[in-house]
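Asks: How does the following fold in three dimensions:
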Amino acid sequence: MATICPDCGSKNIDKQDASGQLVCTDCGTLLEENALCSALEFVEGAGGASSMVGQFVSNTSSKAYTAGRNVYAISRDSRETTLARGRQKIQDVASRLRLGNHFIDAAHRYFTIAVEKAFVQGRQTLHVVASCLYIACRQEKSQHMLIDFSDALQVNVYTLGTCFLKFRRLLGLKIPILDPALYVYRFAAHLDLDDKANAVALTALRLVGRMKRDWIVVGRRPAGICAAALLIAARAHGFSRHYQDVTHILKVCGLTVNTRVKEFELTPSAGLTLDQFNKVELSTEADPPVYTRNKMREARAKAIQENNVQLLESGALDDKLKGKRASKWRQVLPQGKKFQEKQQEFEKLYQSIERDMVKQGQQEKPKETFEFDTDDDDDEDEEGNNKEGAGKEVSEAETDGEQQAQDHAQKELADADDVSTPQNELAASEGDNAGSNNVAKLPGDGEKEDGDGGDEDEEPMLKK
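Replies: Residues are numbered from 1 along each chain as shown. Modelled structure (predicted):
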């Protein structure tokens with residue numbers, strides 16, 4: 001693109017490479033000075049040593065520095081040094097894993113962002129380099145796993161995983177989920193399948209696809225799914241392969257592979273032959289294993305709540321994934337020595353707590369009984385006073401009644417003395433004779449008896 005003078009609009013521009021200036025030949029306006037150029041020029045010094053003219057400016061550097069034998073390293077800024085060392089380490093790790101140049105370039109861009117975001121500070125550079133390379137591999141959907149970087153660098157895989165997750169969260173990257181089918185061909189080549197390696201790999205790919213439709217792949221690590229698919233495919237084609245053969249290659253736990261195989265056994269596809277499986281596509285989908293397991297637990301809880309012993313003992317609620325241990329949940333746990341020791345410790349603890357509670361109750365009991373006794377005494381005093389008052393009232397009423405009876409009897413006697421009859425005289429004479437025949441009495445006794453007897457005899461006479 002031709003340069004045009006902004007003042008006169010002329011295109012006659014003189015370019016001086018030595019000084020890096022652009023001058024308009026028509027009006028003499030200096031258009032540009034100290035321009036950057038890609039040409040290298042060297043000047044011979046007084047001692048015969050040659051040096052480069054100008055300053056070198058990198059695309060990623062924040063300032064220019066002078067190139068030379070010793071001046072280059074001294075004047076170079078720390079960020080540029082960190083980036084250069086990071087790229088060198090990226091190339092070293094990539095060569096161990098046989099990664100191409102496009103993985104190196106992508107990882108170096110991520111490493112540059114990590115340096116700018118100060119993510120390298122406080123962390124080992126190798127961990128950040130491995131995270132950058134793993135992100136590049138995930139985006140390019142290569143056949144490399146994080147454990148491969150762990151083996152290459154001899155670093156704990158969980159340490160690398162923590163660094164990778166933090167860096168991904170810092171960048172806000174949405175990395176796609178790995179497909180287990182990416183690792184099928186890679187690991188099928190290590191199972192010594194000879195000419196049938198391709199057929200076994202194709203069957204394993206179909207198994208992975210079937211597991212996706214049956215909700216077995218969701219939330220599971222791809223290594224375990226790939227190992228289970230390869231094991232089932234190898235056995236279906238007549239190869240005698242065990243769990244150890246697969247776990248050693250894919251570096252997963254044998255229990256994980258066994259669980260994935262048992263989960264596939266519960267699907268409708270497990271009942272098909274090899275030819276039927278390769279030709280028939282079942283439209284039905286199985287429930288997720290976790291959903292089935294939770295339903296089983298809910299059914300057990302309901303049966304226990306309803307006390308349905310027949311259903312609990314029938315074995316219909318056993319978890320088929322556990323194999324021989326499926327009915328273990330219905331068995332009573334054996335009480336060993338440790339269990340008995342713990343039981344004795346709990347009993348001693350309960351006894352000590354009970355003693356403390358009894359002591360506290362005894363300390364607080366006297367205060368409560370004293371207050372309670374005082375209340376009872378008050379009640380008893382009140383009841384006694386009431387009884388005494390009632391007794392006094394009764395006694396007073398009795399004395400009044402007796403006094404009235406005595407007064408009435410005296411009046412009757414007085415009336416009887418005033419009336420003289422033969423019968424009264426006879427009674428009086430009999431009383432005198434009886435008194436003479438008896439022992440001498442005190443004065444007034446006879447009168448009293450006569451009075452009493454007279455009252456008894458006189459009453460009917462008065463009534464007549």
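
Asks: hmm, who's touching stretch 329-347?
Replies: Counting by Cβ atoms under 8 Å, 6 or more residues apart in numbering, stretch 329-347 makes contact with Arg300, Leu312, Glu313, Asp318, Asp319, all of which sit outside it. C-beta here means a position set from N, CA and C on the backbone, and glycine is covered the same way.

Asks: PyMOL command to pick out the buried ones of these?
Replies: One line in PyMOL is enough to select the buried members of the contacts of stretch 329-347, burial here meaning 16 or more other Cβ atoms under 10 Å:
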select buried, resi 300+312+318+319
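
Asks: So which of the contacts of stretch 329-347 is the closest to Ala199?
Replies: Each of the contacts of stretch 329-347 was scored against Ala199 by Cβ to Cβ, and Asp319 proved nearest at 34.3 Å.

Asks: who touches that closest one in this structure?
Replies: Contacts for Asp319 (Cβ under 8 Å, 6+ apart) come out as Arg293, Met296, Ala326, Trp329.

Asks: re earlier: from the contacts of stretch 329-347, which land in strands?
Replies: By the criterion of DSSP state E, membership of these in strands covers no residue at all.

Asks: so Cys27 sits in a helix?
Replies: No. If the criterion is DSSP: H, G, I helix; E, B strand; the rest coil, then Cys27 is coil and not within a helix.

Asks: Check the gap between the closest residue to it other than its chain neighbours and Ala299 for me.
Replies: If the residues on either side of it in the chain are set aside, Cys27 comes closest to Cys8, at 4.5 Å by Cβ to Cβ, 6 or more residues apart in numbering. Using Cβ to Cβ, to the nearest Å, Cys8 is found at 93 Å from Ala299.

Asks: on that earlier part again, next one: the residue nearest to Cys27 from Val23, what distance?
Replies: If you measure Cys8 against Val23 using Cβ to Cβ, the figure is 12 Å.

Asks: Show me which of these two is the more surrounded one.
Replies: It is Val23, of Cys8 and Val23, that has more neighbours when counted by other Cβ atoms under 10 Å, with 18 against 13.

Asks: mind checking the SS state of the more buried one?
Replies: Taking three-state DSSP, the label given to Val23 is strand.

Asks: mind listing the helices in the stretch 51-200 of the chain by residue range?
Replies: Counting by DSSP state H, counting those that start in this stretch, one finds helices in the stretch 51-200 of the chain at the ranges 71-75, 78-97, 101-116, 125-140, 146-153, 157-171, 184-188, 197-213.

Asks: Can you tell me which of these is nearest to Val358?
Replies: The stretch from the helices of the stretch 51-200 of the chain with the least distance to Val358 (Cβ to Cβ) is helix 157-171; that distance is 53.8 Å.

Asks: The stretch 201-350 of the chain: helices as residue ranges?
Replies: 222-236, 243-250, 254-265, 274-279, 289-305, 309-314, 337-418.

Asks: Burial check on the residue nearest to Ile225 when sequence neighbours are not counted, number of neighbours?
Replies: Take Ile225 and drop its neighbours on the chain: the residue closest to it by Cβ to Cβ, 6+ apart is Pro180, 4.1 Å away. Per other Cβ under 10 Å, the neighbour tally for Pro180 reads 26.

Asks: ok, now which ones touch Pro180?
Replies: Shown here is Pro180, whose contacts under the criterion Cβ under 8 Å, 6+ apart are Val208, Val217, Pro222, Ala223, Ile225, Cys226, Ala229.
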